[in-house]
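*Asks:* One predicted model, sequence on top.
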Amino acid sequence: MRKSIATVSVSGTLAEKLTAISAAGFDGVEIFENDLLVSPLSPEEVRARARDLGLGIDLYQPFRDFEAVPGDVLAGNLRRAERKFEVMERLGATLLLVCSSVSPDAIDDDELAAEQLRLLAERAAGHGIRIAYEALAWGRHVNEYLHAWRIVRMADHPNLGTCLDSFHILSRGSDPIGIEAIPGEKVFFLQLADAPLLAMDVLQWSRHYRCFPGQGTFDLAGLVTHVLETGYTGPLSLEVFNDGFRQADAGRTSLDAMRSLIALEEAAARRRGTTPPIPPPVIPSGFAFAELSVPAADPTAELLAALGFVRTGTHTGKPVELWEQGQARILLNATGDEPALAALGLESPDPAGSVKRAESLLSPVLPRHRAPREARLDAIAAPDGTELFFCRTEHPDHSSWTDDFRPRPEGAPPAGGITHIDHVALTQPRHHFDEAALFYRGVLGLRPQESLEVPDPYGLLRSKAMSSEDGALRMVLNINQVGAQHIPWQHIALACDDIVTTARRLRAAHPGLLLPVPANYYDDLAARYDVPPELRELGLLYDRDEHGEFLHLYTITAGRVFFEIVQRAGGYQGYGAANAPVRLAAQHAWGAQRSSRMAVTPSA
Ligand SMILES: O=C(O)c1ccc(O)c(O)c1
Ligand SMILES: [Mg+2]
């Protein structure tokens, strides 16, 4: 289907917006009037620029406060419309969006509204222009899409149709099934926006919090399915007012937008039983490895050894060490300047298929810088730059990345308390949280859980867990929502089957590696749950959900990375989010203590 986007959805000057939108592969744009008004480009120049970029001008908008006014106001409104028709002719635009009136002048009279819109459509026809009438969710008298349609039907003019906007329909809780009663040729335009569920004034919600389909809570695939049932053949057009997108890089936002439309088109095709435009996701079955970039002389190796990891190999061509314990594998790549998570290996049943899926959703495929004998690497870049490698570890049907490491002792990897990587938590750059969530959902087929807000002593963290349906691959995305002091930490959570023994061993041998937990936490825990007193003694954190229980502990931070050790019991599905504020405060306290120690002993 044709894909378009309103210029209001991305940042920059009109020229910059058009360039970014074209680069992301859109077919057309809705020109937002304000973007034209403030542009030094004439309408003719905008038209030429769009044409050169391969973009059609699918809509010009908005035209406000037109219908159902007293006769004296009508004359002025028609004069205003004539001026806009002239601008549209210079732009080469043939569709004008008229949104339902919010004016105190408007009269609650559908027949009058229909009569005046008919007049407008007749005038528009003289310029080869059509009118798409949209019900704003906060329109004075017309705020339901079926009400706008009734007026359009009453007006009965070939140059008058309706514009459906998912936000206005779904924000009011209207049932989109009613769309199917509108003939497709009378749906002149379809605007799409998602939004997080927020209980607030609908105008503020619309103007600041709209997001791309798949980033909010609305069922856009369902709505699009109803619209396609009408026989609508016009564009899928994104119209997103969002405070973050207004300041983010236009190129990046446009790609995010296009990824969301492709995923939406796929979801709608699956609902309708038609052929999806892209191959299905190949769902990873777990982590093959986590790769940390570390400086040449770095204590992370000591931390791994203390946790029971064993160095089992060194890369044949690069300064990379492989550390293993059970099925948990960590690579230390000595090319960084502070320890940071650089890459994740994801176990895929079909690595080439994983890359194809990612490519079809516009993810950059990484070049394979490899020596002739190295294993084939299928890798892409996640939006935050983390490299994702699709692996088939030691399967007879595929080459394995582990073949590049020597010596790798035969037989089972070293056993300790740790069995595998339970989850990885990635902190996302500001304003890119929704983009990341859409990426992991679309590309890897992970299911997002609800966003949580976690208080930090100096701000607020937003956190969203995502996992494969069977829970074999779990990730957590974090973003610093408020407050500038937050450090972009990443963490690797390691699963073990006897955390009490592991904690006891660590506490005895390496007490300085464990993040201290305040006594107040245990007083509260004892009030909430009947838990054994040894949790306090061992510094273990505890949580439970309707399925089971969770015990965990944290190491101190090395560079930007820390480790968590977790034990799930009885099908616990969460990530210990209830304890995250305690962890964040403890990390700040630990960091502050370390810097004061360093301040008194500058030689250390
Ligand atoms: O917020 C607004 O005023 C506005 C204008 C035009 C639209 O198409 C819309 O959905 C909202
Ligand atoms: Mg709209």
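*Replies:* Right, received. Where do you want to start? Numbers count the residues shown, from 1 in each chain. Ligands and ions are numbered 1, 2, ... in the order given.
*Asks:* For the chain, which residue gets nearest to ligand 1?
*Replies:* residue 62 (3.8 Å; C-beta to the nearest ligand atom). Placement of C-beta: from N, CA and C, glycine included.
*Asks:* quick one: low-confidence ranges for this structure?
*Replies:* 369-375, 410-412, 483-487, 599-604 (pLDDT under 70).
*Asks:* closest point of it to ligand 2, which residue?
*Replies:* Among the residues of the chain, residue 165 lies closest to ligand 2, at 3.6 Å counting by C-beta to the ion.
*Asks:* partners of that residue in the sheet?
*Replies:* residue 191 (DSSP bridges).
*Asks:* Does it touch residue 239 like I think?
*Replies:* Yes. Look at residue 165 against residue 239 with C-beta atoms under 8 Å: they come within range, at 6.6 Å.
*Asks:* how about residue 542, what does it touch?
*Replies:* When contacts are counted by C-beta atoms under 8 Å, 6 or more residues apart in numbering, residue 542 touches 525, 529, 531, 535, 549-551, 579.
*Asks:* So residue 45 lies in a strand, does it not?
*Replies:* No. Counting by DSSP: H, G, I helix; E, B strand; the rest coil, residue 45 is not part of a strand but helix.
*Asks:* Give me the secondary structure label for residue 448.
*Replies:* For residue 448, the assignment made with three-state DSSP gives strand.
*Asks:* isn't it right up against residue 464?
*Replies:* Yes. The pair residue 448 / residue 464 is scored as a contact, 5.8 Å apart, by C-beta under 8 Å.
*Asks:* Show me the common contact partners of those two, please.
*Replies:* Common neighbours of residue 448 and residue 464 (C-beta under 8 Å, 6+ apart) are residue 437.
*Asks:* between those two, which one's more packed in?
*Replies:* residue 464 (20 against 16; other C-beta atoms under 10 Å).
*Asks:* Give me the neighbour count for residue 45.
*Replies:* Around residue 45 there are 15 residues (other C-beta under 10 Å).
*Asks:* how close does it get to residue 36?
*Replies:* 11 Å (C-beta to C-beta, to the nearest Å).
*Asks:* surely residue 254 meets residue 29?
*Replies:* No. Taking contacts as C-beta under 8 Å, residue 254 lies outside contact range of residue 29: 10.6 Å.
*Asks:* Who has more neighbours out of those two?
*Replies:* residue 29 (30 against 26).
*Asks:* which other helices and strands contact the helix or strand where the more buried one lies?
*Replies:* In this structure, residue 29 sits in strand 28-32 according to DSSP states H and E. If contacts are counted by 3 or more C-beta pairs under 8 Å, 6 or more residues apart in numbering; DSSP states H and E, strand 28-32 sits against strand 3-6, helix 14-23, strand 56-63.
*Asks:* the domain parsing of the chain - what is it?
*Replies:* 3-272, 286-591 (automatic domain parsing).
*Asks:* What's the end-to-end length of the first one?
*Replies:* Translated: domain 3-272. 19 Å (C-alpha to C-alpha, to the nearest Å).
*Asks:* Then stretch 179-186?
*Replies:* Taking C-alpha to C-alpha, stretch 179-186 runs 11 Å from one end to the other.
*Asks:* Contact residues of the stretch 201-350 of the chain facing ligand 2?
*Replies:* Proximity of the stretch 201-350 of the chain to ligand 2, by C-beta under 5 Å from the ion, involves residues residue 239.
*Asks:* Give the buried residues for stretch 234-246.
*Replies:* For stretch 234-246, the neighbour count (16 or more other C-beta atoms under 10 Å) marks 234-242, 244-246 as buried.
*Asks:* my bad, should have said stretch 244-260
*Replies:* 244-246, 248-260.
*Asks:* check whether that stretch contacts ligand 1.
*Replies:* No. In terms of C-beta under 6 Å from any ligand atom, no part of stretch 244-260 sits within range of ligand 1; the closest distance is 13.5 Å.
*Asks:* how about that stretch as CSV, C-alpha atoms only?
*Replies:* C-alpha atoms of stretch 244-260 as CSV (Å, rounded to 0.1, in the frame of the first residue of the first chain):
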residue,chain,number,x,y,z
GLY,A,244,10.1,13.7,21.5
PHE,A,245,9.9,13.4,17.7
ARG,A,246,9.8,17.2,17.4
GLN,A,247,13.3,17.3,18.7
ALA,A,248,14.8,14.0,17.5
ASP,A,249,16.8,13.4,14.3
ALA,A,250,14.3,13.5,11.4
GLY,A,251,16.1,10.8,9.5
ARG,A,252,15.9,8.4,12.4
THR,A,253,12.3,9.3,13.2
SER,A,254,11.3,8.7,9.6
LEU,A,255,12.9,5.3,9.6
ASP,A,256,11.2,4.4,12.8
ALA,A,257,7.9,5.6,11.2
MET,A,258,8.4,3.5,8.1
ARG,A,259,9.3,0.4,10.3
SER,A,260,6.0,0.9,12.2
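*Asks:* And for that stretch, what's in contact with it?
*Replies:* So stretch 244-260 is contacted by 3, 5, 9-12, 16-17, 19-21, 23-26, 194, 212-215, 238, 240, 361-362, 383, 431-432, 434-435, 438-439, 442 (C-beta under 8 Å, 6+ apart).
*Asks:* Which two of the buried residues of stretch 244-260 have the greatest separation?
*Replies:* 246 and 259 (19.1 Å; C-beta to C-beta).
*Asks:* Sitting in strands, which of the contacts of residue 542 do you find?
*Replies:* Residues of the contacts of residue 542 located in strands (DSSP state E): 549-551.
*Asks:* rewinding a little: report the angle between the strand holding residue 29 and strand 56-63.
*Replies:* Orientation of strand 28-32 against strand 56-63 (axes from the mean of the first three to the mean of the last three C-alpha atoms, to 10 degrees) gives an angle of 20 degrees.
*Asks:* Point me to the helix or strand that includes the nearest residue to residue 413 once chain neighbours are set aside.
*Replies:* Setting aside the residues directly before and after it, residue 413 is nearest to residue 324 in space (C-beta to C-beta, 6 or more residues apart in numbering), at 4.3 Å. Taking DSSP H and E as the criterion, residue 324 maps to strand 320-325.
*Asks:* Report the strands that pair with that strand, each with its relative direction.
*Replies:* strand 310-315 (antiparallel), strand 328-333 (antiparallel).
*Asks:* Residues in contact with that strand: which ones?
*Replies:* So strand 320-325 is contacted by 289, 291, 301, 304, 307-315, 329-334, 402, 405, 408, 413-416, 418, 494 (C-beta under 8 Å, 6+ apart).
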